[in-house]
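Novice: Any chance you can model this:
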Amino acid sequence: MATKKKSRCNGEGSIDKVIHKKTNVKGEEYELEYYVARIMIDGQRFSKTHKLQRVVSAWLLEKRNEANNGLQLDKSKMKFRDFANIWLADKTTEGKAHTTLTAWKLYLDKHILPSLGNVILKDLTTTMINKFYAEKLGTNSQKKQAGITSESTLISPNTVIHFHRIICNILNHAVKQRLIGYNPSLACSKPKAVKPDIEILTVDEVLKVLEIASKHNIKKDGTVNHNINPSYYPALLVDVYTGLRRSELMGLKWKYVNLDDGILTIAETLLQSTDNKIYQNQGTKSDAGKRTIDIPLHVAEVLRKHKEYIGDTEYVFCNRAGQRPDPHNFYRFFKRLLEKAGITKNIRLHDIRHGNVSMLAMMGMNVNDISSRIGHSNTSFTMDTYAHVFATTDRQASNKLSELLHKPIENVVPMLNQ
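Specialist: Numbers count the residues shown, from 1 in each chain. Reported below is the predicted structural model:
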């Protein structure tokens, strides 16, 4: 065998032309030519053999680029599942909120990793990810599989977008750690987000639910049932009048309540993660979330009586033992109220907040004041979220203008001159 070197650069690998002499069945000698590319990266040797020089040249160029970008080739067999766990651990170290971490883990364990987890990280392609999105879109969620047949239990485009954000975040992390040279999810075709329909209770329905809630721990003989949490009625009443987020409502402490002036200060939240761990977040959702809210005098009076009844507690809406409340228990209480009231709408607890905004808009409060009261960072988000509400109020204004302009001209002129 004879070897002829084609090129060699110190530290950048080499390409050698290798000639193998062979003998056929007739005893005739012939030669086979091959090209061998070799490179050493971080103490590890890599090689590629092919009969075409352009093939090994392209391979060597790729390996040089990987070496220049600091790619860790010794981890080239790492699966997407393994790196996703590394990503989660790194995000934990960065101090991401527990609720966020557990939500990510739920999406990974239930949806993403069963489909993509065993793929080698560097072999993951845009086509694979797009196929995953297409397969998930519109399929049954766990609720649907458990026998709940509401259309809302289908995996929506918005949920698939959440999948995309997680996958993109993981692969960006892999690029930063130089495990891959490019994030394939950046070229994916994610579905278009859809704005969910918002259902709210009518005024009559709100009053009916509040009436039932006020009696939920009163026995038929008029005595108090101490086995039922007395905090739930005042909590629902405050929610109806303030539109607080559940985390803000459950995180409200007496030190933030001024009953004399009827003012609540929203400064802390009580969050509940998907693994049912409840913890206190010392801040609000955003800077705009920290705010003061006026409450009517009769609501303040209900809170005053509630405080006298439950005694000295830290949380306004505590559990029966006077300790930190369980947000999910309050949600279950709310769903039972809807059943007792005969309300079949698909109403979530958060829809009480939407109803509050709708009533404020119908009463003529301007969008800036509404946005400030409910803790939105900017009015454009309020306008976008409640566009249907403000469209209704605009329609009412238009109708009033129409009534004015359709009056006889002799009646209109005096009105305009007033």
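
Novice: do you know how far the residue most central in space within the chain is from residue 119?
Specialist: Nearest residue to the geometric centre of the chain (Cα atoms, centre = their mean): residue 162, 6.5 Å. According to Cβ to Cβ, to the nearest Å, residue 162 and residue 119 sit 20 Å apart. The way it works is simple: take the backbone N, C-alpha and C, and place the C-beta from them, glycine included.

Novice: and if you look at residue 26?
Specialist: Distance from residue 26 to residue 119, by Cβ to Cβ: 50 Å.

Novice: Please enumerate residues in contact with the helix or strand harbouring residue 210?
Specialist: Using DSSP states H and E, residue 210 sits within helix 203-214. Contacting residues not belonging to helix 203-214 are listed as 201, 232-233, 236-237, 240, 337-338, 340-341, 343, 355, 359 [Cβ atoms under 8 Å, 6 or more residues apart in numbering].

Novice: all helices of the stretch 101-250 of the chain, in order?
Specialist: Using DSSP state H, counting those that start in this stretch, the helices of the stretch 101-250 of the chain run over 113-116, 126-136, 142-145, 157-176, 203-214, 232-242, 246-250.

Novice: do the same with the stretch 301-418 of the chain
Specialist: Under DSSP H, counting those that start in this stretch, the stretch 301-418 of the chain gives helices at 327-340, 350-362, 367-374, 379-385, 387-405, 409-417.

Novice: pLDDT at the closest residue to residue 91 other than its chain neighbours, what is it?
Specialist: Leaving aside its chain neighbours, residue 91 sits nearest to residue 101 (6.4 Å; criterion: Cβ to Cβ, 6 or more residues apart in numbering). With respect to pLDDT, residue 101 has a value of 88.

Novice: Contacts only, for residue 101.
Specialist: 88, 91, 92, 273.

Novice: Distance-wise, check residue 316 relative to residue 270.
Specialist: From residue 316 across to residue 270, the span is 11 Å (Cβ to Cβ).

Novice: quick one: low-confidence parts of the stretch 301-418 of the chain?
Specialist: When residues are selected by pLDDT under 70, those of the stretch 301-418 of the chain lie in 387-418.

Novice: With the chain instead?
Specialist: Along the chain, segments meeting pLDDT under 70 span 1-12, 42-43, 66-76, 140-153, 280-289, 387-418.

Novice: Pop the domain breakdown of it in here.
Specialist: 2-68, 80-187, 203-385, 394-418 (automatic domain parsing).

Novice: now these in JSON lines, with distance to residue 196?
Specialist: Listed next are the domains of the chain as JSON lines, based on distance: least, Cβ to Cβ, whole Å:
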{"stretch": "domain 2-68", "distance to residue 196": "44"}
{"stretch": "domain 80-187", "distance to residue 196": "8"}
{"stretch": "domain 203-385", "distance to residue 196": "10"}
{"stretch": "domain 394-418", "distance to residue 196": "22"}
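
Novice: and the gap between residue 216 and residue 209?
Specialist: Counting by Cβ to Cβ, the gap from residue 216 to residue 209 is 10 Å.

Novice: I'd guessed residue 259 sits against residue 303; true?
Specialist: Yes. Residue 259 is in contact with residue 303 according to Cβ atoms under 8 Å; the separation is 6.0 Å.

Novice: so what's residue 333 up against?
Specialist: Shown in contact with residue 333 (Cβ under 8 Å, 6+ apart): 216, 229, 232.

Novice: Next one: it from residue 26, what distance?
Specialist: Counting by Cβ to Cβ, the gap from residue 333 to residue 26 is 93 Å.

Novice: what's the answer for residue 351, then?
Specialist: From residue 351 to residue 26 the distance is 88 Å (Cβ to Cβ).

Novice: Kindly report the same for residue 363.
Specialist: Applying Cβ to Cβ, the value for residue 363 to residue 26 is 103 Å.
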